[in-house]
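Visitor: below are the sequence and a predicted model for it; my questions follow.
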Protein chains: 2
Amino acid sequence: MYTEWAERFRVLGDATRLRILSLLSVRDACVCELVELLPITQPAVSQHLRKLKLAGLVDEYRVKSWRFYRLQADMPPYIGSWIQELKVGDSDIVWLKTHQVGATCTINKSARVNSTDDEVGMLDETDDHR
Amino acid sequence: MYTEWAERFRVLGDATRLRILSLLSVRDACVCELVELLPITQPAVSQHLRKLKLAGLVDEYRVKSWRFYRLQADMPPYIGSWIQELKVGDSDIVWLKTHQVGATCTINKSARVNSTDDEVGMLDETDDHR
DNA sequence: ATGGTATATAAGCATATAGTGATATACTTA
DNA sequence: TAAGTATATCACTATATGCTTATATACCAT
């Protein structure tokens, strides 16, 4: 029983993962968006997401070729309120609210700065979740 | 800030420390009592207590030559109420309620570097490792 | 298929962590 | 004062963790 909670806390005990959770509390995001927001590489982001998922804190759904992550609907007790206690950075909020979902990816290019009016339409989620 | 909460969670992310917190939720205890209850050595217990103290989860007071630890009165938000939910093992409760404070110590009974004499049954048969 | 994009996994490295035994420090008492 | 007890700290080791680069897999469009 201690081990179960210890495991949970161990997953929460990393500033990057807490930031990911706080970002997801603003809106769902795909991996490449998180990569843009975080100062670490894509594999590192993936590995954090896997741990968060195994801990039951986030789950995942697919849209086109993206994998979106979101806060798990039914969190373990208390954890939901802890996450709300995290205050999200203003610039993170602005970024998430102003970027059209899917418009920012192509992660290895610093290009793509122009053509800002070439937008991706609203999501039509492929299938299965929820 | 993420780092601050991450640090807090990291301290909670260890089953031994959670057990210590649950023990202290029954009653204050001195280090040597915790040593009796936990399957680790006294230095390990001391080190856990130091981390718990630095994280603001426990504090310490002195009685005679003992250092008693107790749950910090004013916990970081949410954590206090969460600890209440931690279920303490029955045998731990019994032990803490039935042992007179300070009556159980003298921890290094079998570890004395005392010269020779009777080492008694410590070294028994050697057939338990194969 | 072919190529491109998005994400996951693998392998390796550097650092952090929890444990140990040895030792130092602090307090108590004869 | 000396001796004993309680606790902390030191030095070390084994393992875990987070990061990176390289590579594999999955999906999408041509």
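Guide: Nice, thanks for sending it over.

Visitor: the strands in chain A, which residues?
Guide: Along chain A, the segments classed as strands by DSSP state E run A:29-30, A:58-63, A:66-71.

Visitor: is DNA strand D contacted by the first one?
Guide: No - contact of strand A:29-30 with DNA strand D (C-beta under 7 Å from any atom of the strand) is absent, the minimum separation being 12.6 Å. Glycine gets a C-beta too; all of them are placed from N, C-alpha and C.

Visitor: possible to save the strands of chain A as JSON lines with distance to residue A:89?
Guide: Listed next are the strands of chain A as JSON lines, based on distance: least, C-beta to C-beta, whole Å:
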{"stretch": "strand A:29-30", "distance to residue A:89": "14"}
{"stretch": "strand A:58-63", "distance to residue A:89": "19"}
{"stretch": "strand A:66-71", "distance to residue A:89": "17"}
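
Visitor: any idea which of the ones you listed is most buried?
Guide: The highest mean neighbour count among the strands of chain A, using mean count of other C-beta atoms under 10 Å in any protein chain shown, belongs to strand A:29-30: a mean of 22.

Visitor: so for that strand, mean pLDDT?
Guide: Mean pLDDT, taken over the full extent of strand A:29-30, equals 96.

Visitor: which strands and helices sit next to it?
Guide: The criterion is 3 or more C-beta pairs under 8 Å, 6 or more residues apart in numbering or on different chains; DSSP states H and E, and the helices and strands that strand A:29-30 contacts are strand A:66-71.

Visitor: what about the lowest-mean-pLDDT helix or strand in chain A, distance to the chain center?
Guide: For chain A, counting by mean pLDDT, DSSP states H and E, helix A:79-85 ranks last in confidence among helices and strands (a mean of 91). Going by C-alpha atoms, centre = their mean, to the nearest Å, the spacing between the C-alpha centre of helix A:79-85 and its chain's C-alpha centre is 16 Å.

Visitor: equivalent analysis for stretch A:45-62, please.
Guide: A distance of 9 Å separates the centroid of the chain from that of stretch A:45-62, by C-alpha atoms, centre = their mean.
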